[in-house]
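[1] Sharing a model that was predicted from the sequence below.
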Amino acid sequence: MATYNGNNAYIDIDGTRIDTYFVNVSLNPSVETVDITAGSGATHRQRATGLKDNGGSMQIAYDDTNIATILPLVAPGAHTLTYGPEGNSAGKPKHVQAIIISGAPHTVAVSKDMVVFDVSFEAAAAPTTDMFNGGVWS
C-alpha cells in the first residue's frame with residue numbers, strides 16, 4: 001500500500017508563503033442537504049444535495065523575526081488561501097479560495113518554544129481551483 005509523508009504542504013495567504021510557519025492546517029469541505037420529501041403517505045425523508053461550503057482552521061507559529069509578516073496575514077477579514085497538501089509540484093492537488101478569517105486567537109504555550117495563532121476561516125466564495133473537484137498545480 002502506498003503511504004504519504006505529509007510534511008511538504010504548501011500554504012500561502014494573500015500571496016505570501018507561510019508553510020514554514022504553519023503547525024497544522026485543516027480544510028473542511030461540506031454540503032448542505034435539502035429536504036425533497038413529497039407526496040402523501042411518505043414514511044421516510046428524502047434529501048438532495050444543496051450548497052457546497054468550505055471552512056477550516058490553521059495554527060500559524062511565529063517568533064520575533066516574522067511577526068510583522070504574520071500579523072496582517074492572520075488578521076480577521078477577507079483573504080485568499082492557496083493550499084497544496086502535497087506541495088506545489090505539477091499534478092499535485094491544489095486549492096485556491098477567497099476566505100474570511102473569522103477568528104485568530106493568540107496562544108502561548110508555557111511548555112514549548114512556540115507561540116501560535118489559532119486561525120479559523122470560512123469560504124467567502126466558490127474556489128477558483130478546487131482540489132475536491134480535480135484541481136491540481138500546473
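    Looks like it came in fine.

[2] contacts, neighbours, all on C-alpha from now
    OK.

[3] Please identify the longest strand in the chain, counting by residues.
    strand 47-62 (DSSP state E).

[4] Touching that one from outside, list them.
    21-37, 70, 114-123, 126 (CA atoms under 8 Å, 6 or more residues apart in numbering).

[5] Find the least confident helix or strand in the protein, judged by mean pLDDT.
    strand 106-108 (a mean of 82; mean pLDDT, DSSP states H and E).

[6] following that strand, which helix or strand comes up?
    Scanning forward in sequence from strand 106-108, with DSSP states H and E defining helices and strands, the next element found is strand 115-123.

[7] Can you give the distance from that next one to the centre of its chain?
    Its chain's C-alpha centre and that of strand 115-123 lie 9 Å apart, by CA atoms, centre = their mean, to the nearest Å.

[8] now the angle between strand 47-62 and that strand, please.
    Angle between the axes of strand 115-123 and strand 47-62 is 160 degrees (criterion: axes from the mean of the first three to the mean of the last three CA atoms, to 10 degrees).
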